[in-house]
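>>> I would like the atomic coordinates for the input below:
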Amino acid sequence: AFLGVHGKYEIMSGSREYKDWCDKAKFLGMKSLGICESGTLAGTLPFQLACNKAGIQPIIGYTARVEDEGGEVYEIKIYVQTEKGWRTLLNYHNKANVETSGLIPERALIKGDLEGLVIILPPNKVTWEKRKLYTQACQFVYWQFTTNEYKSAAKDGEILEIMKEFMSTDISPILISDAYVLNRRDTGIRKKLLSIGKVKTNEILEDGHGHFKSFDECFIDIESNFPND
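Predicted coordinates:
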């Protein structure tokens, strides 16, 4: 499954109607498609309807902004396995948007009931330090193997080093290529959206990344991370 859809409901960051994402998924021969928009579940129903109409299995996910007790904010991805997991995710989303300014308190998450949910840890210093908290709290925890590259060489290097560290653990990797636009030629659009929304981020994707990649594209990108043998 391609699990990295950031569509138009991720305001000033993602783009395009879900029908367009489904059309490309069908063209690429994909049977399932996953959404993981940051801070919002607003696109869930339209995404599900578009997938059902296209004959594609929808996978519901959410990129959550988590705040630890020290005030540090980081992101994780949460995907739904069961109806119970869906109801739990709705409760966390409601708490974040009604009570805590878009943030899920880390303690509430790791001390809560995570049955029916899958946690994905993006490769960064914070999630590397937090990995044991999540593996103790949730049965299904993975780390994100990403094929995207970033404009900052320091950021790119940090991600590669953390991915190398994760490789040495018993947490399994899962390939998620975050996509904010549909096609490679559109990769400059997100930069403009972030500028219009006056969103500052150190994680601006390199041109040629951040689009809906075929699996062939993903594996070509992956290949460059490993020795020839």
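>>> what ranges do the strands span in the protein?
2-5, 32-35, 57-67, 73-80, 104-105, 117-121, 141-145, 172-175 (DSSP state E).
>>> can you give me the offset of stretch 119-130 from its chain's centre?
Computed by Cα atoms, centre = their mean, to the nearest Å, the chain-centroid distance of stretch 119-130 equals 12 Å.
>>> Which residues in it does the neighbour count mark as buried?
119-124, 126-128, 130 (16 or more other Cβ atoms under 10 Å). Backbone N, C-alpha and C define where each C-beta goes, glycine included.
>>> same check, this time on stretch 194-212
So stretch 194-212, judged by 16+ other Cβ under 10 Å, has buried residues 194, 205, 209-212.
>>> Show me what that stretch is in contact with.
Outside stretch 194-212, the residues that touch it by Cβ atoms under 8 Å, 6 or more residues apart in numbering are 2, 4-5, 11-13, 21, 24-25, 147-152, 155, 178-184, 186-188, 190-191.
>>> I'd like to know which helix or strand in this structure has the lowest mean pLDDT.
Scoring the helices and strands of the chain by mean pLDDT, DSSP states H and E places helix 189-196 at the bottom, with a mean of 87.
>>> so where is this structure shaky, pLDDT-wise?
202 (pLDDT under 70).
>>> now do 80
Scanning the chain for pLDDT under 80 picks out 199-204, 224-229.
>>> And the helices in it?
Applying DSSP state H to the chain gives helices spanning 18-27, 44-54, 83-98, 106-110, 125-137, 153-167, 189-196, 215-223.
>>> Buried ones among the contacts of stretch 194-212?
2, 4-5, 13, 21, 24-25, 147-150, 178-182, 187, 190-191.
>>> Identify the residue spatially nearest to L175, adjacent ones excluded.
Leaving aside its chain neighbours, L175 sits nearest to F145 (5.0 Å; criterion: Cβ to Cβ, 6 or more residues apart in numbering).
>>> do the same with I59
Nearest to I59 is G34, by Cβ to Cβ, 6+ apart, at 3.5 Å.
>>> give me every residue that touches P173.
142-145, 163, 166-167.
>>> For it, give the beta-bridge partners.
W143 (DSSP bridges).
>>> What's the local residue count around E115?
E115 has 13 neighbours, counted by other Cβ atoms under 10 Å.
>>> Look up the closest residue to it, ignoring the ones flanking it.
Counting by Cβ to Cβ, 6+ apart, the residue nearest E115 is K84, at 6.0 Å.
>>> so the one you found makes contact with L90?
No. At 10.8 Å, K84 does not count as touching L90 under the criterion of Cβ atoms under 8 Å.
>>> Quick check: the residue nearest to I59 vs R65, distance?
The spacing between G34 and R65, counted by Cβ to Cβ, to the nearest Å, is 19 Å.
>>> S214 too?
30 Å.
>>> again with V118
18 Å.
>>> Compare neighbour counts for the two and give me the winner.
V118 (20 against 16).
>>> residues contacting that one?
Here V118 is in contact with 78-81, 138, 140-142 (Cβ under 8 Å, 6+ apart).
>>> mind redoing it with 10 Å?
3, 59, 61, 77-81, 85, 138-142, 174 (Cβ atoms under 10 Å, 6 or more residues apart in numbering).
>>> Next: G70.
Here G70 is in contact with E106 (Cβ under 10 Å, 6+ apart).
>>> And for the one 3 residues further on?
By Cβ under 10 Å, 6+ apart, the contact list for V73 reads 65-67, 102-104, 106, 126.
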